[in-house]
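> Give me a 3D structure for the following:
(2 chains)
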Amino acid sequence: MIDSVSSSKNNNTGELRSFGDRVLILVVLGFLLLLIVLGRLVYLQIYNHEAYQTQSLNNRIQIQAIAPPRGLIFDTNGRLLADNRQILSLAFVPDRVDDVNMLFDRLSKLIELNPGELRALEELVRGRPKHDPIVLKRDLTDEEQAQLAVNRHDLGGVVVTYETIRHYLYGEKFVHAIGTVRRIAKEDLDSLDRVNYRATQFIGGTGVERFYESSLHGSVGSRSVEVDASGRPTREQPEDLTPPIRGASLTLYIDSALQLAADAALGDRRGAIVAIDPKTGGILAMVSKPAYDPNRVLSGMNVDEFNAMYALRDKPMFNRAVQGTYAPGSTFKPVVGMAALSEKVTTWDEVVVDGGNFRLPGSRQVYRSWNRTSTSPGGHGRVDMHRAIYRSSNVYFYTIGSQLDVDVLGVFASQRFGIGRRTTYDLHETTTGVLPSREWKESTYGEPWYPGDSVILGIGQGYLSLTPLQLATVATVFANRGAWVQPRMLKRSDRYLVEVEEAPVARSAMLEPAEMAEHWERMALAMSAVVHRGNQGYDQNGTAWAYIGIDIPYTMAGKSGTAQVIESTREGEEIDDEDRDEYERNHALFIAFAPLMDPEIAVAVVIENGGGGSKEAGPVARAVIDAKLHPSSVVAQRD
Amino acid sequence: MTEIPHPVIRNTRWINRIYSAHVDPWLVLGIVLVLALGLTVMSGTLGHAPSMLLRHVFLIFVGVTALIVMAQIPEHTYVGLAPFAYLGSVALLVYALFFGDEAKGAMRWIDWPLVPRFQPSEILKVTLPLSLAWYLHDKPAPLRISDLVVCLVIIGIPVGCVFAQPDFGTTVLVTTACLCVVFLAGLRWRWILAAMGLSVVGFIVAWRVLLNEYQIQRIMTFLDPDRNPLGAGWNIIQSKIALGSGGATGKGLGEGTQSQLSFLPEGHTDFMLAVIGEELGFVGVASLLTFFFFIFARGMTMSRNSPTRFGRLASAGFLMMFFGYMLTNVMMVSGLLPVVGVPLPLVSYGGTSVITILAGFGVVTALRGR
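Okay, here's the model as predicted:
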């Protein structure tokens, strides 16, 4: 460095001055650039401060929706049927997982996972935002939680989240009585109120849960939360909390003791039971079997299991009580009888000779009695209306049916009993069944109504079909001596319900001729003879007496029915029911109400492919009525 | 500008040696102010990670030690070491290019045992001005064309390596600072004008041919940050929100929601200025910039007062690096320049930057003469 100084000593001063000038240029340049920066800062921090202040607040304050707790459902005595519970679910966040398959392998070593889920999983990952957690398993057990917690370090991207789900205290025993919720699907989003359902995961799928969805759901709440950049809440702002409003709690007419008794009485058989309080129309019990456990569907069932269940021949998800339609068979005879009396087609005293066979004039077609054997055509001899009911004479009602115009019968059945109509106040799923008419047959089959159609309609066969709920309504109308009352689920609620637009139709007193009251009363008596007329000798007792009437401690009216599932293929050729395939056997039906005077309960029982109505369905109906009228005796029997 | 009186008595007790330490109090004052401000705000940002904070404090300590040590080394040692420093830097850059660690798509880092992970391009801030000064110290002003070509080669080799990593921001910054050295060494004005014309052409060529996807992406994002608010534009949007919401006096230390809630990425590294602006407001940022300018102006004065051409050029070159980094970072954070990933000297957390900068100031101090 010494040499550099000495060698250029002569031009050093010039070089120095030039260097100094140029340093000054750079410093001034730097200063000017810095001034630009300061100007920019003034612009950002002072001039535009408020705009950025707002943006900063928007950044960190996020409004989060809080799902309202769903309203509770109680039975008529205030016993809880459906509430909500919290479960822990295992989920993973796709954008925090590098290799989904590897994670799945690791997880399945720790807890039980369904391999079928993996396929559906890839589908799920594709169609959704990467930061949304995808649930792998719901309702973790304590043990599974512990396994996951211990191995947390190996499971990047795995989160355990709380979910609130519906809980049905009686599981499958009540699933068709009160319905269930289901997960909100993509298709629902268009029809739902997006704001109110923002945090909601479930909506009513069936039954009361569906009908009263708006009221059960409640109103969404909100809270403002300070969130970090990844949307994770850091702290709540307590002053900004709008609590959600819990959904309305419903009290139903369903009587859980009765429901359980009905469920037990039906046992493992396929079928349905509906019990109605004739005074109010309240549905006291509604059983459909086979059923399924809604809690499993909500918490643990995977797609494969669900589809397998859905495809079962026995259709456990199908609510037979309101959607299943069955030929009413002989349970329809009292309706035909009342129509005939009302239309003055016959009287109580008119006698038909029942030799077991019936032929329409000019026709070779033979209609047979139910009690024929290989050696005898059966029949019940001289029968009037009363005897035709308690003996269930086919020939009598073939005769009446052939004399009664189908459309006249149809109007009567529809108006007085609600047959062929949806009449329930608060169920969406009910079907109408089929009440045939001339017009109906023309439009459905393109054929005219034949006299033969009227003959078999007289004994409740042919095109006619009713749901068990409609059958129970028929029983209710007989219990009320002709007064119809609208079946309903809801007894009361803890607040005003939007679904209740107008009060359900109350027990209707029809304006009718004075003699009709006597007809109703005598029909009720005839139906009580079905159960109580006994010890009269062979072929003289009520059809159900031997099965339920012998030891009955109260008065009960009923009517059995045995509905053919398949028609006899050829005339004269009858296959014994026992020899048929299980699914081709006759359906067993029974309608009943009790006590005879001032009835408290009306019941319909349908047992699919159950065989004889009196023998199979009768005892079930009695067990349900026992539970209502003599609960202690039922308990004693069970013990 | 006064200086500590030179100790007259030598060979006395060690305590007097400390007093005789060859440091510039004004320069040190500026540095201490910047470091203090940076550390104060960082302690809030890194409150959740005390180990990171401690590491930063440790690196500052190493840097200050380096400053003091470098300041004691006589000038002729630097002259003698300059060519070796140059060769060493180039070797490290080439090494990093082939064996370095990749981060964010660039081969920048060297991770050796016992040494903190570092970027060899950091060292260039000090070694390249020394090398240029070494070459130019006996070349008369104005420079001959041959000298200029040699200078461009000296600059071109290491800068080429940096560009290949690729590190666009550092490439531009180092080149600019080096050109300033050449300018200070006495470049004819008409050449300067010619170079400016050429650079316009060069810009167009670079845009079309040399820049790769991610560099163009960054520039495009700069031009229109809202184009992809969750992608690369996010940083600029969030840092502008941080600065703007800070207002005149800021939200208070540790109260910056943008940074504390990690809306602002790299809030403790490249975007540290936004955190300062959010928590201390315009007052805080303006103070910081004033301190920076004070350091720069004081350093340039020391450079001008240096008795040798080597000292003048080397220290001015380093100061241009320092100021250039600072200015680029500040303009980037305030949305005046594209996001180029340049740390704020002395303030940003991260690696060895603070050590090289402080060591560089040690060199500046050593070269100001006695």
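> So for stretch A:190-202, what gets flagged as buried?
For stretch A:190-202, burial by neighbour count (16 or more other CB atoms under 10 Å in any protein chain shown) applies to A:196-197, A:200, A:202. Where you see a C-beta, it was placed from the backbone N, CA and C, and this is true even at glycine.
> which one of these sits closest to chain B?
Distance to chain B across those (CB to the nearest CB) is lowest for A:Y197, with 26.7 Å.
> On the three-state scheme, the closest one is what?
coil (DSSP: H, G, I helix; E, B strand; the rest coil).
> Just give the nearest non-adjacent residue to the residue in the stretch 51-200 of chain A that chain B sits nearest to, would you?
Residue of the stretch 51-200 of chain A nearest chain B, by CB to the nearest CB: A:Y52 (2.5 Å). Using CB to CB, 6 or more residues apart in numbering or on different chains and skipping residues adjacent in sequence, the residue nearest A:Y52 is B:G244, 2.5 Å away.
> and the one you found, how many neighbours?
B:G244 sits with 28 neighbouring residues when counted by other CB atoms under 10 Å in any protein chain shown.
> show me the contacts for it.
A:44-45, A:48-49, A:51-53, A:55-56 (CB atoms under 8 Å, 6 or more residues apart in numbering or on different chains).
> Throw those residues into CSV and include secondary structure, distance to A:L427 and neighbour count, thanks.
Formatted as CSV, these follow (DSSP: H, G, I helix; E, B strand; the rest coil; distance: CB to CB, whole Å; neighbours: other CB atoms under 10 Å in any protein chain shown):
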residue, secondary structure, distance to A:L427, neighbour count
A:L44, helix, 63, 27
A:Q45, helix, 65, 28
A:N48, coil, 61, 17
A:H49, helix, 61, 19
A:A51, helix, 56, 13
A:Y52, helix, 57, 21
A:Q53, helix, 55, 16
A:Q55, helix, 52, 19
A:S56, helix, 53, 23
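> Out of these, the closest to A:Y445 would be?
A:Q55 (70.8 Å; CB to CB).
> Against A:V42, how distant is the closest one?
Distance of A:Q55 to A:V42, computed by CB to CB, to the nearest Å: 18 Å.
> State which helix of the chain is the longest.
In the absence of a named chain, this looks at chain A. Identified as the longest helix of chain A according to DSSP state H is helix A:12-41.
> that's the wrong chain, I meant chain B
For chain B, the helix with the greatest residue count under DSSP H is helix B:272-305.
> I'd like the mean pLDDT over the very next helix or strand once past that helix, please.
Using DSSP states H and E, the helix or strand that follows helix B:272-305 in sequence is helix B:309-333. Mean pLDDT, helix B:309-333: 93.
> How about stretch A:103-117?
Across stretch A:103-117, pLDDT averages out at 74.
> Kindly report the same for stretch A:357-377.
The pLDDT scores in stretch A:357-377 average 84.
> Any idea how far apart the tips of it sit?
7 Å (CA to CA, to the nearest Å).
> just stretch B:99-117 next, same as before
This stretch, stretch B:99-117, spans 13 Å end to end (CA to CA).
> Tell me, how many residues neighbour A:E447?
For A:E447, the neighbour count with other CB under 10 Å is 9.
> what's the residue nearest to it when sequence neighbours are not counted in contact with, if anything?
Residue nearest to A:E447 in three dimensions, not counting chain neighbours: A:K441, with 5.9 Å by CB to CB, 6+ apart. By CB under 8 Å, 6+ apart, A:K441 lies in contact with A:447-449, A:453, A:463.
> before we move on, back to that, what's the pLDDT at the residue nearest to A:Y52?
On the pLDDT scale, B:G244 gets 89.
> immediately after the helix or strand hosting it, which helix or strand?
B:G244 belongs to helix B:233-246 when elements are defined using DSSP H and E. Using DSSP H and E, the next helix or strand after helix B:233-246 towards the C-terminus is helix B:257-260.
> and that following helix, what does it pack onto?
Counting contacts by 3 or more CB pairs under 8 Å, 6 or more residues apart in numbering or on different chains; DSSP states H and E, helix B:257-260 is packed against helix A:49-60, helix B:25-45, helix B:233-246, helix B:272-305.
> helices and strands around the helix or strand just after the second one, which ones?
Using DSSP H and E, the helix or strand that follows helix B:25-45 in sequence is helix B:50-72. In terms of contacts (3+ CB pairs under 8 Å, 6+ apart), helix B:50-72 is packed against helix B:25-45, helix B:353-367.
> Tabulate these (a markdown table), appending mean neighbour count and mean pLDDT.
As requested, the helices and strands packed on helix B:50-72 are exported to a markdown table (neighbours: other CB atoms under 10 Å in any protein chain shown; pLDDT from 0 to 100):
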| stretch | mean neighbour count | mean pLDDT |
| --- | --- | --- |
| helix B:25-45 | 19 | 91 |
| helix B:353-367 | 26 | 92 |
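> So which of these is nearest B:F292?
helix B:25-45 (6.5 Å).
> by how many degrees do that closest one and helix B:50-72 diverge?
Compare the direction of helix B:25-45 with that of helix B:50-72 by axes from the mean of the first three to the mean of the last three CA atoms, to 10 degrees and you get 170 degrees.
> A:A526 should be in a helix, yeah?
Yes. Counting by three-state DSSP, A:A526 falls inside a helix.
> I'd say A:V225 and A:R60 touch.
No. With contact defined as CB atoms under 8 Å, A:V225 does not count as touching A:R60 (9.1 Å).
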